[in-house]
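A.B. asks: All I have is the shape, not the residue letters:
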């Protein structure tokens, strides 16, 4: 009897999965491309944020893996973004996250974007609450959060670090004197360490003809318990732990005040027109519009058919006199570029028949330049290649710490670079060095390497016909996405 | 401690009440349920398993008193810098020119790192010990003469900045050879 029941459950799951497969093009299930189409009307500021999000490794962090290995992605609803500001400048943005395939119980999620020292920080903000003790979740965000009672989990999507904030009736609880209007921090509080355990759960509710999927999240000191089996009005629901994360903290005070969302587009404080966020993509566009850069580029493109590499270093992209031509190593493809300790970038050719992307040595050279302080500004430093086949790529550093860690692992010496090339380049089917596959496949291989190894780098590609650069990234379907630099 | 108490109370209150409402009004069906299963991030189609046995041997090239010797073996768990491991074909070599040993990695270090990319072809990286540089390597066993193997070594791309001395051009060992299986 038990076996029959189990078989019946799996049959129902199979039916549900098959029906779901037919919904791949269902407009009710947003994917990145449909979202993009709708986002054509976003403000430039939001568009910058969206591009930075897409280009980074953040979307993959916003997924839920179900017990049957299906993966669901939380999709940012950019058009419903609310933001907070300080002194007229936006300092954080709340973008609602939607996951329509699952009925979430007592959970609201937002993508919390903060601007910290000119750098964008992406966080997942999960509000956990008792639905019966709160304003109905269907109310407007401002009404809901004005009386919010529950816990806010803030997880940094780059570092994985997480901290909780407790709210009661819309007010942060007095955890320490610095952050809350009431209460004073004590030595005992400051010295207390605690371990919070966060858990995500998936519940399958099997009815006569369908399998309903519920999601819930719990948290606790030292452990987290599963959601009650009858809490969603389903008489036969089984909760399965799909993800857990424990964090130990020794300060009772959250590192910053995350605030709460408001209604879409409604600032919590008066704002003035905002300064655009300076993204790597914008920086790439600005660089490519410098006349000396374009002149050097034209010289290199004219030499790209040469069997040897040619290149420049430059210390001021807008000053032609700072461009120094490379030293050719006779009969070698590789190129030695002179340098000073104030470089803004390097640029070189890749000859016919050669690699169509940056070599391991190119990445190693970038790492050497960074750790030996040869660059003026790591965030603006750019390496560029111009290929004989008409493909031009550039790389910039988006996360310096990540890049240093990637470099220490893979670029620190020649043996490690050889390993990198062996694993990611030497594969005639899927490798970066493949000559028997498509440009898109090679780009996917390169982007997969950089993302999988958390290299902290962003890649750009030029359309020579228009002289426009676009940022390349992998979307949630693992396809190469090209976003023009604004 | 006050914080811990507040947090604990809040958590207990929230989750013992929020999800354990006996007799709570049933929620309407969620509508759309379960979505398509997705591939794992970064998934690639698995590379076909190609036979490597034909390469695993000791190979030699001779021209008068100049000898190049290559030992190829299999490492099923080559440890990578990221802590993962992959299978690989690894090799060591020696090069004697006019009876003078120019360089050898035999019993010392791995100087060939390669993988089968087609039935009779290995693709990999060769390390020149004398010039402290590496090159792209392609090794092909000849189908009609499986005891013969072609060796093609090509320079690698790369623009280098820094203070390291520029390596000498070319490679210490011949870049094209036909090796013969000797063991």
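C.D. replies: Thanks, I have the structure now. Please read all numbers here as calculations on a predicted model, not as lab measurements.
A.B. asks: which one is the closest residue to chain A within chain B nearest to, not counting chain neighbours?
C.D. replies: Per C-beta to the nearest C-beta, residue B:158 is where chain B lies closest to chain A, at 2.7 Å. The C-beta positions use only the backbone N, C-alpha and C, and glycine is treated the same way. Among residues not flanking residue B:158 along the chain, residue A:361 sits closest, at 2.7 Å (C-beta to C-beta, 6 or more residues apart in numbering or on different chains).
A.B. asks: what does the strand or helix carrying that neighbour contact?
C.D. replies: Assigned by DSSP states H and E, residue A:361 belongs to helix A:360-371. The contact list for helix A:360-371 (C-beta atoms under 8 Å, 6 or more residues apart in numbering or on different chains) reads A:334, A:339, A:343, A:346, A:374-375, A:378, A:381, A:383, A:385, A:395, A:397, A:400, A:403-404, A:407, A:410-412, A:414, A:417-418, A:420-421, A:425, B:156-162.
A.B. asks: can you pull out the helices in chain B?
C.D. replies: All helices of chain B, identified by DSSP state H, fall at B:2-18.
A.B. asks: same thing with the stretch 301-450 of chain A?
C.D. replies: Listed in chain order, the helices of the stretch 301-450 of chain A (DSSP state H, counting those that start in this stretch) span A:360-371, A:400-410, A:414-420, A:439-452.
A.B. asks: Pick the most buried one from these.
C.D. replies: For these, average neighbour numbers computed from mean count of other C-beta atoms under 10 Å in any protein chain shown are highest in helix A:360-371, which has a mean of 22.
A.B. asks: Report the mean confidence score over that one.
C.D. replies: Mean per-residue pLDDT for helix A:360-371: 92.
A.B. asks: ok now that helix, how far from the chain's centre?
C.D. replies: 23 Å (C-alpha atoms, centre = their mean, to the nearest Å).
A.B. asks: now stretch A:150-161
C.D. replies: Distance, stretch centre to chain centre, for stretch A:150-161: 14 Å (C-alpha atoms, centre = their mean).
A.B. asks: Report the rounded mean pLDDT for it.
C.D. replies: For stretch A:150-161, mean pLDDT rounds to 85.
A.B. asks: list the buried ones in that stretch?
C.D. replies: Using 16 or more other C-beta atoms under 10 Å in any protein chain shown as the test for burial, stretch A:150-161 gives A:150, A:151, A:152, A:153, A:154, A:155, A:156, A:157, A:158.
A.B. asks: got TSV for those residues, with secondary structure too?
C.D. replies: Conversion of the buried residues of stretch A:150-161 to TSV gives the following (DSSP: H, G, I helix; E, B strand; the rest coil):
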residue	secondary structure
A:150	strand
A:151	strand
A:152	strand
A:153	strand
A:154	strand
A:155	strand
A:156	strand
A:157	coil
A:158	coil
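A.B. asks: what sits against residue B:136?
C.D. replies: Counting by C-beta under 8 Å, 6+ apart, residue B:136 touches A:433, B:123, B:124, B:125, B:126, B:153, B:154, B:155, B:156.
A.B. asks: Please read off the pLDDT at it from the model.
C.D. replies: For residue B:136, the predicted pLDDT is 90.
A.B. asks: can you name the two of the buried residues of stretch A:150-161 that are farthest apart?
C.D. replies: Greatest spatial distance among these (C-beta to C-beta): A:150 and A:158, at 25.3 Å.
A.B. asks: just the contacts of residue B:136 now: which is nearest residue A:456?
C.D. replies: Taking these together and measuring to residue A:456 by C-beta to C-beta, the closest member is residue A:433, at 22.3 Å.
A.B. asks: contacting residues around that closest one?
C.D. replies: For residue A:433, the contact set (C-beta under 8 Å, 6+ apart) comprises A:355, A:421, A:425, A:426, A:427, B:136.
A.B. asks: Centroid-nearest residue for chain A?
C.D. replies: Centroid-nearest residue in chain A, with C-alpha atoms, centre = their mean: residue A:58, separated by 2.3 Å.
A.B. asks: picking that back up, want to throw the contacts of residue A:433 into a markdown table with distance to residue B:63?
C.D. replies: Shown next, in a markdown table, are the contacts of residue A:433 (distance: C-beta to C-beta, whole Å):
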| residue | distance to residue B:63 |
| --- | --- |
| A:355 | 32 |
| A:421 | 30 |
| A:425 | 32 |
| A:426 | 29 |
| A:427 | 33 |
| B:136 | 23 |
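A.B. asks: so which of those would you say is closest to residue A:215?
C.D. replies: Using C-beta to C-beta, residue A:427 is the member of the contacts of residue A:433 that sits closest to residue A:215, with 37.9 Å.
A.B. asks: can you tell me the residue of chain A closest to chain B?
C.D. replies: Residue of chain A nearest chain B, by C-beta to the nearest C-beta: residue A:361 (2.7 Å).
A.B. asks: Now do the same contact list for residue A:162.
C.D. replies: Contacts for residue A:162 (C-beta under 8 Å, 6+ apart) come out as A:153, A:154, A:155, A:156, A:196, A:198, A:245, A:247.
A.B. asks: Close to chain B: what parts of the stretch 351-486 of chain A are there?
C.D. replies: The stretch 351-486 of chain A comes close to chain B at residues A:351, A:354-355, A:359-362, A:364-365, A:368-369, A:372, A:374, A:383, A:409-410, A:414, A:416, A:418-423, A:426-430, A:433, A:448, A:451-453, A:477-478, as judged by C-beta under 8 Å from any C-beta of the partner chain.
A.B. asks: In ChimeraX, how would I select the buried members of the contacts of helix A:360-371?
C.D. replies: In ChimeraX, this line selects whichever of these come out buried by 16+ other C-beta under 10 Å:
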select /A:334,339,343,346,374,375,381,383,385,395,397,403,404,407,410,411,414,417,418,420,421,425 /B:156,157,158,159,160,161
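A.B. asks: quick one: contacts of stretch B:83-91?
C.D. replies: A:422-423, B:52, B:55-56, B:70-80, B:110-116, B:122, B:124.
A.B. asks: Is it possible to mark the buried ones in those residues?
C.D. replies: Those of these that meet the buried threshold are A:422-423, B:52, B:55, B:70-73, B:78, B:80, B:110-116, B:122, B:124, by 16+ other C-beta under 10 Å.
A.B. asks: lowest average confidence, helix or strand, in the chain?
C.D. replies: Let's take chain A. Every helix and strand of chain A was ranked by mean pLDDT, DSSP states H and E. The lowest is helix A:32-38, at a mean of 32.
A.B. asks: Keep only those of the buried ones among the contacts of stretch B:83-91 that are in strands.
C.D. replies: B:70, B:71, B:72, B:73, B:78, B:112, B:113, B:114, B:115, B:116, B:122, B:124 (DSSP state E).
A.B. asks: so the last one touches residue B:116, yeah?
C.D. replies: It stands for residue B:124. No. Assessed by C-beta atoms under 8 Å, residue B:124 is found out of contact with residue B:116, at 9.7 Å.
A.B. asks: Next one: the closest residue to residue A:417 other than its chain neighbours relative to residue A:139, how far apart?
C.D. replies: Sequence neighbours aside, residue A:360 is the residue nearest to residue A:417 in space, at 4.3 Å (criterion: C-beta to C-beta, 6+ apart). Distance from residue A:360 to residue A:139, counting by C-beta to C-beta, to the nearest Å: 55 Å.
A.B. asks: which ones are touching residue B:75?
C.D. replies: By C-beta under 8 Å, 6+ apart, the residues touching residue B:75 are B:87, B:88, B:89, B:90.
A.B. asks: cool, and residue A:55?
C.D. replies: Contacts for residue A:55 (C-beta under 8 Å, 6+ apart) come out as A:279, A:280, A:281, A:398, A:458, A:471, A:473, A:483.
A.B. asks: swap the cut-off to 6 Å and go again
C.D. replies: Going by C-beta atoms under 6 Å, 6 or more residues apart in numbering or on different chains, residue A:55 touches A:458, A:471, A:473.
A.B. asks: Report the beta-bridge partners for the first one.
C.D. replies: Read that as residue A:458. residue A:396 (DSSP bridges).
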